[in-house]
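Participant: Predicted model follows, preceded by the sequence.
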Amino acid sequence: MTGAASGIGRGCALALVKAGCRVVVNHLPGDEDDARELVKELEAEGNQAFSFAADVSQGDQVEAMFAEVCRRFGTVHILVNNAGIQSGAPFQDMTFEQWRKVMAVNLDGQFLCARAAVREFLRRGPQPQVSSATGKIICMSSVHQEIPWALEANYAASKGGVMLLMQSLAQELAIHRIRVNAIAPGATQTAINRAAWDEPEALDELLKLIPYGRIGQPQDIANGVLFLASDLSDYVTGTTLVVDGGMMLYPAFRGAG
């Protein structure tokens, strides 16, 4: 689980451990305290977990992380490609550094981790006693893979890339029984978007965009991860599961436009 020390990643890690998985908590160097606390919670649920500091935009760190996972657990069965950042600005003021950093984490990181996982899936081969699939990759995308987002052009572009990366991998790897899917969260109550929900006025404005009438929680996303990680979704690949309370239904048109 990449980017697992907080927010959506943390919620997904807890859900996976409760479902019986052994979980690796990937986090950035410097986030050790949060990662250690999460590992304690995961182990308290009765399953194995450990944390590993790696910047997913750096290929050597990704390779080292997967090597350690295989050393400790023997192999990898599920990758939740969750790590992501935002760094918005008016387009004319956006620096190339802002553009590249978001792309490096949100898109390059998904490529590097998926490549490492696929290499391990193919090396190991099928294990039908574990799962019908040889391996499963879940890419964390966003409703902004389809909805344009002013002042966040780098983020939206990265998530559009995640969608087509996921679909291309699913098409290529299905012959090996490797399933690749994505989850597209809508507004979810995490620290990354605190400004959108922390004040009552901001939350009221946000809820105008969500027909279901509430902001999402990490557990909502985790439930989707559990489905895509399990054999309940064994005939599902190349699909984006949208978990957004109806945000992509264009709520401005509820009154006939």
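Facilitator: Received it, and whenever you're ready, just let me know what you need.
Participant: quick one, phi/psi of residue 137?
Facilitator: The phi/psi pair for residue 137 (degrees, to the nearest 10) reads phi -120, psi 130.
Participant: separation between it and residue 146?
Facilitator: Distance of residue 137 to residue 146, given as Cβ to Cβ, to the nearest Å: 20 Å. The way it works is simple: take the backbone N, C-alpha and C, and place the C-beta from them, glycine included.
Participant: Pretty sure residue 94 sits against residue 154.
Facilitator: Yes - contact criterion Cβ atoms under 8 Å: residue 94 and residue 154 qualify, at 6.6 Å.
Participant: If you count surrounding residues, which of these two has more?
Facilitator: residue 154 (25 against 17; other Cβ atoms under 10 Å).
Participant: show me what contacts that one?
Facilitator: Counting by Cβ atoms under 8 Å, 6 or more residues apart in numbering, residue 154 makes contact with 87-88, 94, 98-99, 102-103.
Participant: ok, longest strand in the chain?
Facilitator: Longest strand in the chain by number of residues (criterion: DSSP state E): strand 178-185.
Participant: packing partners for it?
Facilitator: If you count contacts as 3 or more Cβ pairs under 8 Å, 6 or more residues apart in numbering; DSSP states H and E, strand 178-185 packs onto helix 109-124, strand 135-140, helix 153-173, helix 218-229, strand 240-243.
Participant: Pick the most deeply packed of the ones you listed.
Facilitator: Most buried of the helices and strands packed on strand 178-185, by mean neighbour count (mean count of other Cβ atoms under 10 Å): strand 135-140, with a mean of 27.
Participant: quick one: contacts of that one?
Facilitator: 3, 8, 76-84, 110, 114, 117-118, 120-121, 162, 165-166, 169, 178-183, 185, 221, 225, 228-229.
Participant: 7 Å instead?
Facilitator: The set of residues external to strand 135-140 that reach it, using Cβ atoms under 7 Å, 6 or more residues apart in numbering, is 8, 77-82, 84, 110, 114, 117, 121, 162, 166, 169, 178-183, 225, 228-229.
Participant: ok, back up a step: and the longest strand of the chain, which residues are buried?
Facilitator: By neighbour count on 16 or more other Cβ atoms under 10 Å, the buried set for strand 178-185 is 178-185.
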